[in-house]
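Undergrad: Kindly return the folded structure for what I paste below:
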Amino acid sequence: MRISRPDSENRHQRYAELIDATQVRLIRGRVVYGSNCAEAGPDASALLTADPIGEPVEPGALPLVFALKRLELFQPCWSCEGHLGVDGELWKLPRIWFYAGSLVGVKLLGEGLTKLQKAGQLRASWRVVLTFSDPDNVETTFSLEPVTPLATHIDLPELQRDMDTIASALPELIGEQAKNLMRDSMPCFVSATGAD
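TA: Next comes the predicted model:
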């Protein structure tokens, strides 16, 4: 079987999304969740959630939730900073669930995580996966989460430091990965469209 590329209309859309991603537009100042606004300050954990009283964004997840939201490529919808069980062992992995208006953004995020890992900047391997959301939710949900083999002991503070590293690197990483993909895909795009 030969793997074929999507039709040219789909490729035009993806290429437009790639051009947008190379420009890495960050929301300046306040980040909006619904009618709430947040800056990277003490009130951000309550203002970046649909339920500020019952479920504010946990402090360990806040920098990454805020960084994803600022990019305008992703819409975080659930987060967990990770938790230890009663035995002191890792019980819940830290992760951020999000919606993405562009699959190109998801691809760039995944490639960026691989780059950070290869550069030795992350303690764990991280990935983006398609995940289950509410049964009545037709939106596609993704999860940004660590991959932790059972044989590897990685403690929660290390995973939370990884989240901070990803948050700090995110804008530059997405922009760099977008420019690389644009450079590498330009010949394919030109040959598929007949453009010069």
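Undergrad: quick one, helices of this protein?
TA: Secondary structure of the chain (DSSP state H): helices located at 8-22, 44-47, 62-70, 103-118, 156-193.
Undergrad: Look up how far Thr140 lies from Gly60.
TA: From Gly60 across to Thr140, the span is 26 Å (CB to CB, to the nearest Å). C-betas here are computed from N, CA, C, even on glycine.
Undergrad: Kindly report the same for Thr165.
TA: 26 Å.
Undergrad: out of the two, which sits in the more crowded spot?
TA: The neighbour comparison of Thr165 against Thr140 (other CB atoms under 10 Å) goes to Thr165, with 17 against 12.
Undergrad: My read is that that one contacts Ala124, right?
TA: No: using CB atoms under 8 Å, Thr165 is not in contact with Ala124, being 10.6 Å away.
Undergrad: list residues touching both of these two?
TA: Common neighbours of Thr165 and Ala124 are not found (criterion: CB atoms under 8 Å, 6 or more residues apart in numbering).
Undergrad: Tell me, please, the helix or strand in the chain that averages the lowest pLDDT.
TA: When each helix and strand of the chain is scored by mean pLDDT, DSSP states H and E, strand 36-38 comes last, with a mean of 43.
Undergrad: which ones are touching the closest residue to Val147 other than its chain neighbours?
TA: In space, and not counting its chain neighbours, Val147 is closest to Ser125: 4.4 Å by CB to CB, 6 or more residues apart in numbering. Residues near Ser125 by CB under 8 Å, 6+ apart: Leu113, Gln117, Pro146, Val147.
Undergrad: which one of those residues has the most neighbours?
TA: In terms of neighbours by other CB under 10 Å, those top out with Leu113 at 24 neighbours.
Undergrad: Surely that residue and Val128 touch.
TA: Yes: between Leu113 and Val128 a contact is recorded at 7.0 Å, counting by CB under 8 Å.
Undergrad: Nice, that's everything, thank you.
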